[in-house]
Every structure is written in C-alpha cells, then in structure tokens.
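# Got a predicted structure here, sequence first:
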Amino acid sequence: MRFGVVIFPGSNCDYDTFFVLKEVLRQDTTFLWHKDHFLKNVDCVVLPGGFSYGDYLRSGAIAKFSPLMREVGEFAAKGGIVLGICNGFQVLLELGLLPGAMLRNKNLKFLCEFVHVRVENAQTRFTHKARPRQVLRIPIAHFDGNYFAPPELLRKIEKNNQVMLRYVDEKGEATEEANINGSAASIAGLINKGGNVMGLMPHPERASEALLGSTDGRVIFASIIEKFKHD
Amino acid sequence: MKVRILVSFKESVLDPQGQTVKNALHTLGYHVIKEVRQGKVFEIELKDISEIEAEKVVPEIAAKVLANPIIEKFSWQVLKEEK
C-alpha cells in the first residue's frame, strides 16, 4: 500500500509518521509537498501533526488553501483514504471534510501527555483491527483540541456512528475528568459519512513502537493496511 | 478604503479565554465586569473599490477565511479616512 505524508510549513510530525509507515510497518511511503498539484498515486493521504502556518488565524485555517489540499479534497470525494492526525484533523475540520470545529482546550493549556481513548466504532477501515470499546493509550499534544459541534450536528454525528474515539479513563469510562480538553461528548476522533476520511487528536505515530511506551497506535495504521489488501 | 472586521465566538460557544480575562479582572477588584468575550480584529485596506462592491467582498472573505462559521460570527464597518 502506498502512503503519502503531506508536509506543510510548520508540520512537525511528518518525519515521525513517515518513519512509522515506512520503517515500522514497511509500507511504500512518500512525502507530499503542500505546494504540489498531484498526489503521486498514493492510496492513502496522511495529514500529520504540527503547526501548519504557525496556527495563524485558526489551527488548520490556512493549510486548507494549499494547492495540494484541493487535490486531497477531490481524492476524498472519490473515496480516497485520508487520515488527519492532530493538526491534520484540524485541517480536515476547516476543509469541511469532517464536521465541527476545534476550540482552545478548556483549561487553556497546551496538553502533551498520554491519554486513554476508547474505540467507539470498530467496524470502519481505520479501526476494524481493534476490539469494540478497546481502550488505547496514545499521547496527545495540542492547544486546540476542544471539539465543538452545535447540538443538532452533534446528534447527527452520534446517530451516524461517526464518533470513532472518545477520551476515557484507564477503565474505559468517559468521565468529565478524563475529557482532558473539554471536547463535546468527549470526542477524540471522527469519521466522515463515507467512511474514508478520519481525523483524531491523539498521535498514533507516537505510540507505534514499544520503545516509546505504547504500541496501541499501530491498530489504526494496521487497520488501514489490512482493509486495503482486501479491497 | 479601509474596513475593520470583528470576529468573535457565537453566543452558544464557550469562550475560555474571555472567561479567564474576566476572572483576572475580578481578582483585580473590577467586580463591575459581568462578561468578557474575546475576539479578533482585522483592518483591511481595499484598493479601487466602491462601498457597494465592498459590501459584497468583505462578508465573503469574512465567511470564507477570517471566521469559521461553525463557531464564530463577524461584523464589519468602513473606517473613516484619517486626513
């Protein structure tokens, strides 16, 4: 399977993501430059974490106007697989490929720590290798991860089973304390209605090697790779 | 022509930064402060454009770029020339 990791000015998880896909999971992986106009025939586009354009205006707000993002939009519309991690998730929200928006964390702090998230929907191409309601230990690192959607939109998202991950405690309970950034309905990850675009605030690429303290993030990449084999 | 565009959170959206500012003002003894909402101000200079054209362009860029309509609202005004 061929992966493309997008680099925006200010991306800082691009090499981590590239390393995990290429060296740990042994996939054909290439970088995609935000100013390019073609996707180099990749099967999956990954928008990595970081601070594209310095988070100017709003997180992800400028990146959505990059020439490459027009291609990514068309790719997604045709069913292409797109994964947005952290800042990549923010870009997908700004682009409107995923519903809702991000606000500043409720405690106004930049949060950089391991959290627990529960797999809410284990029947998608991004999560099918996980057990239903499996609790994953994956780090977060963000300032704007406080997910917001107006009540009627939130109801739709829940009804369509678009919530992929929720912040929980170690036991898998979605407590207020575990909802570290104040997200609506403790949402940490979402999928689009078509099932081909996913965004998540935790960094699975930082939890893909035992040396780094957790391999729970691999389940996301492994799901994508395995499903693609059977497509 | 110069315009000023004000972008702020919708009433239905919690503004933790505004709340923190309010709390700080209360700590300083300004108990007359009831509510604080924080926003962004853009001052934009437009070239060779009539006010009628501006009325089309300004809301367009505000909705498309400057504000995220899911969480933010905007208002704008033409600034008087300083001469």
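Happy to help now that I have it.
# Report pLDDT for the closest residue to A:S183 other than its chain neighbours.
The spatial neighbour of A:S183 that comes closest, neighbours along the chain excluded (CB to CB, 6 or more residues apart in numbering or on different chains), is A:Y147 at 3.8 Å. Where C-beta positions appear, they are placed from N, C-alpha and C, glycine not excepted. As predicted, A:Y147 sits at a pLDDT of 98.
# and A:Y147, how many neighbours does it have?
By other CB atoms under 10 Å in any protein chain shown, 28 other residues sit near A:Y147.
# C-alpha coordinates for stretch A:89-99, CSV please?
The C-alpha trace of stretch A:89-99 is given here as CSV (Å, rounded to 0.1, in the frame of the first residue of the first chain):
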residue,chain,number,x,y,z
PHE,A,89,-7.6,16.6,12.0
GLN,A,90,-7.9,20.4,12.4
VAL,A,91,-7.3,20.9,8.7
LEU,A,92,-9.9,18.3,7.8
LEU,A,93,-12.5,20.2,10.0
GLU,A,94,-11.5,23.5,8.4
LEU,A,95,-11.9,22.0,5.0
GLY,A,96,-15.3,20.6,5.9
LEU,A,97,-14.3,17.0,5.1
LEU,A,98,-15.2,16.3,8.7
PRO,A,99,-18.0,18.0,10.7
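# In it, which residues are buried?
A:F89, A:Q90, A:V91, A:L92, A:L93, A:E94, A:L95, A:L97, A:L98, A:P99 (16 or more other CB atoms under 10 Å in any protein chain shown).
# Could you do stretch B:67-74 as well?
Buried positions in stretch B:67-74, judged by neighbour count with 16+ other CB under 10 Å: B:A67, B:N68, B:I70, B:I71, B:E72, B:K73, B:F74.
# farthest pair in the residues you listed?
Using CB to CB, those span at most 13.0 Å, a distance reached by B:I70 and B:F74.
# all helices of the chain, in order?
Let's take chain A. Taking DSSP state H as the criterion, chain A carries its helices at A:14-19, A:67-77, A:87-95, A:151-159, A:218-230.
# could you do chain B instead?
So, for chain B - with DSSP H - the helices run B:16-27, B:51-61.
# sorry, back to before: mind listing what the residue nearest to A:S183 touches?
Residues in contact with A:Y147 (CB atoms under 8 Å, 6 or more residues apart in numbering or on different chains) are A:G100, A:A101, A:M102, A:L103, A:N181, A:S183, A:A184, A:A185, A:I187, A:A188, A:L190, A:M201.
# just A:H116 next, same as before
Contacts of A:H116 by CB under 8 Å, 6+ apart are A:V135, A:L136, A:R137, A:Y167, A:V168, A:D169, A:E170, A:G172, A:A178.
# Next: B:E51.
B:M1, B:V78.
# I'd guessed B:I70 sits against A:E152; true?
No: if you go by CB atoms under 8 Å, B:I70 and A:E152 don't touch, sitting 11.9 Å apart.
# nearest residue to residue 81 other than its sequence neighbours?
Using chain A here. A:C44 is the one closest to A:I81 (CB to CB, 6+ apart), at 4.1 Å.
# Switch to chain B, please.
B:K2 (7.5 Å).
# I'd like the distance from stretch A:223-230 to the chain centre, please.
17 Å (CA atoms, centre = their mean, to the nearest Å).
# got the CA positions of that stretch in CSV?
This file holds the C-alpha atoms of stretch A:223-230, laid out as CSV (Å, rounded to 0.1, in the frame of the first residue of the first chain):
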residue,chain,number,x,y,z
SER,A,223,-6.5,-1.5,10.1
ILE,A,224,-6.0,0.8,7.1
ILE,A,225,-3.3,-1.5,5.6
GLU,A,226,-5.2,-4.8,6.2
LYS,A,227,-8.5,-3.4,4.8
PHE,A,228,-6.7,-2.1,1.7
LYS,A,229,-5.4,-5.6,1.0
HIS,A,230,-8.9,-6.9,0.8
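# Check what contacts it and list those residues.
Here stretch A:223-230 makes contact (CB under 8 Å, 6+ apart) with A:1, A:25, A:27, A:43-44, A:81, A:83, A:124-130.
# Most neighbours among those residues, which one?
A:F126 (28 neighbours).
# I'd like to know how far that residue sits from chain B.
23 Å (CB to the nearest CB, to the nearest Å).
# And the residue lying closest to A:K193 once chain neighbours are set aside, how close does it get to A:R166?
Distances taken as CB to CB, 6+ apart put A:N160 closest to A:K193, at 6.0 Å, once the chain neighbours are dropped. As judged by CB to CB, to the nearest Å, A:N160 and A:R166 stand 15 Å apart.
# Looking at those two, which one has more neighbours?
Set side by side, A:N160 and A:R166 show more neighbours around A:R166, with 21 against 13, by other CB under 10 Å.
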